[in-house]
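K.L.:
Requesting a structural model of the entry that follows:
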Amino acid sequence: MAKVLVTGGCGFVGRHLVEELARRGDEVRVIDICEPPRFADGVEYRRTSILDPAGVEDALDGIDRLYHIAGIAHLWTSKRKNFDDINRRGAETVIGAAIRKGTPRIVHCSTESILLPRRRNGHAVSEDHVLPLKDLPGPYTRSKYLGEQAALQAARAGADLVVVNPTVPVGAGDANMTPPAMMMALFLKGGTPFFLDCMLNLVDVRDVAQGIVLAGDKGRAGERYILGGENVALRELLKLLERESGRKMPKRTIPGSIALTAGIVGDLISRVTKKEPPATREGVLLALRSAPFDSSKARRELGYEPRPVEEALREEMAWLIDRHAPTNKSDGKRELPSFRHEAGVKSQN
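P.N.:
Below is the predicted model of the structure:
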């Protein structure tokens, strides 16, 4: 049994990771700034920011393995500085503290979005595809890239550290409404008559959690591993949502140039309203760059075996409707509300 620390253990991926670690018998400590969910018996929670070096070092006492999951998982925040503070500086703070404390093993959670090529080329994206900072489309991806670079630099300096790059996690219980959940909610609500033709690599969040544990057990120091599932065209996802929910989904695509303009306008309006727009410039650019992802390295080296993603999609869709759609008293139907976030940082996953 190992004694482990999970940063961001109250987020969507973090909660599932905590469950997976507790299930296998590890002694789990969590630090987060969000209110904790009901963890399994024996899980220790500390309200500590990843930007607090002393608090992080204290939480690392006696820890055999660190899982750094905390980060802003959204493409928008009212203050762009938050991205750099949490995703870059937070990673530097946590990893630096772990090195000073002599933590034997570190797993750093990054994202697949920093690996997407500038233009679609028909090839699957692997761990070897790396963009320069200047080619990344916005503050979220730049901050995640810099956080990952801090982790890899620590590995090159001798830290026993491995990086994981989950794709798009889906499943029930995404209380912080990360971008996949917001997208599904928007379509289920009938909030848009169009969609942007793109591809998503969807993965069951439980498989992401298992993949992170496998990376900690078997991953090679200094390597990154894509934790993906199935490459799904958005039009196929919409067909599934329509079939399973009985709600009409959009059939018409929107040109990329118009979607990009809408994202730019949304960003400008959000600076005034302090509310998350339906689309951001960075989000649209990521969709326009979308490509299939290849998880064969994780399968080969870690024994990673993701399950079919359709079950997780059904669970998330049912959860969105059941948990967030109160019955309309006039007609008895359940309607999905808006899921736009108010100002501030809402989650660290």
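
K.L.:
list the buried ones in the helix or strand hosting residue 147?
P.N.:
Following DSSP states H and E, the helix or strand that holds residue 147 is helix 139-156. Residues 139-152, 154-155 are the ones in helix 139-156 that count as buried (16 or more other CB atoms under 10 Å). Quick note: C-beta positions are derived from backbone N, CA and C, even for glycine.

K.L.:
Name the surrounding residues that touch it.
P.N.:
68, 71-72, 74-75, 80, 83-84, 86-88, 90-92, 95-96, 99, 106, 108, 110-111, 113-114, 131, 133, 136, 161-163, 221-222, 224, 282, 286 (CB atoms under 8 Å, 6 or more residues apart in numbering).

K.L.:
From the residues you listed, which land in helices?
P.N.:
83, 90, 91, 92, 95, 96, 99, 282, 286 (DSSP state H).

K.L.:
before we move on, the earlier item: could I get the helix holding residue 147 in PDB with only the CA atoms?
P.N.:
Output of helix 139-156 as PDB, limited to C-alpha atoms (Å, rounded to 0.1, in the frame of the first residue of the first chain):
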ATOM      1  CA  PRO A 139      -4.000  31.200 -23.000                       C
ATOM      2  CA  TYR A 140      -5.300  27.800 -21.800                       C
ATOM      3  CA  THR A 141      -3.100  25.700 -24.100                       C
ATOM      4  CA  ARG A 142      -0.100  28.000 -23.600                       C
ATOM      5  CA  SER A 143      -0.400  27.600 -19.800                       C
ATOM      6  CA  LYS A 144      -0.800  23.800 -20.000                       C
ATOM      7  CA  TYR A 145       2.200  23.600 -22.400                       C
ATOM      8  CA  LEU A 146       4.400  25.600 -20.000                       C
ATOM      9  CA  GLY A 147       3.200  23.500 -17.000                       C
ATOM     10  CA  GLU A 148       4.100  20.300 -18.900                       C
ATOM     11  CA  GLN A 149       7.500  21.800 -19.900                       C
ATOM     12  CA  ALA A 150       8.200  22.400 -16.300                       C
ATOM     13  CA  ALA A 151       7.400  18.800 -15.500                       C
ATOM     14  CA  LEU A 152       9.600  17.500 -18.300                       C
ATOM     15  CA  GLN A 153      12.500  19.800 -17.400                       C
ATOM     16  CA  ALA A 154      12.300  18.300 -13.800                       C
ATOM     17  CA  ALA A 155      12.500  14.800 -15.300                       C
ATOM     18  CA  ARG A 156      15.500  15.700 -17.400                       C
END
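
K.L.:
picking up where we left off before, what's the closest of the buried residues of helix 139-156 to residue 217?
P.N.:
Closest approach between the buried residues of helix 139-156 and residue 217, by CB to CB: residue 155, at 16.8 Å.

K.L.:
show me what contacts the closest residue to that closest one other than its chain neighbours?
P.N.:
Nearest residue to residue 155 in three dimensions, chain neighbours excluded: residue 222, at 3.9 Å (CB to CB, 6 or more residues apart in numbering). Residue 222 is in contact with 152, 155, 156, 161, 162, counting by CB under 8 Å, 6+ apart.

K.L.:
farthest pair in the residues you listed?
P.N.:
Greatest spatial distance in the contacts of residue 222: 156 and 162, 12.8 Å, computed using CB to CB.

K.L.:
what sits up against the helix or strand containing residue 266?
P.N.:
In the assignment (DSSP H and E), residue 266 maps to helix 256-273. Outside helix 256-273, the residues that touch it by CB under 8 Å, 6+ apart are 76, 78, 196, 254, 276-285, 287-288.

K.L.:
List buried residues within the contacts of helix 139-156.
P.N.:
68, 71-72, 74-75, 83-84, 86-88, 90-92, 95-96, 106, 108, 110-111, 113-114, 131, 136, 161-163, 222, 224, 282, 286.

K.L.:
So for the protein, which residue is the most central one in space?
P.N.:
The centre of the chain sits closest to residue 73, judged by CA atoms, centre = their mean, with a distance of 5.0 Å.

K.L.:
Where do the strands of the stretch 101-250 of the chain begin and end?
P.N.:
105-109, 161-166, 168-170, 194-195, 199-204, 224-227, 230-233 (DSSP state E, counting those that start in this stretch).

K.L.:
Can you classify the nearest residue to residue 207 once chain neighbours are set aside as helix, strand or coil?
P.N.:
Computed as CB to CB, 6+ apart, the closest residue to residue 207 that is not its neighbour in sequence is residue 306, at 4.1 Å. Here residue 306 is recorded as coil under DSSP: H, G, I helix; E, B strand; the rest coil.

K.L.:
Can you give me every residue that contacts residue 67?
P.N.:
4, 5, 6, 7, 17, 21, 107, 109, 212, 216.

K.L.:
swap the cut-off to 6 Å and go again
P.N.:
Applying CB atoms under 6 Å, 6 or more residues apart in numbering, we find residue 67 in contact with 6, 107.
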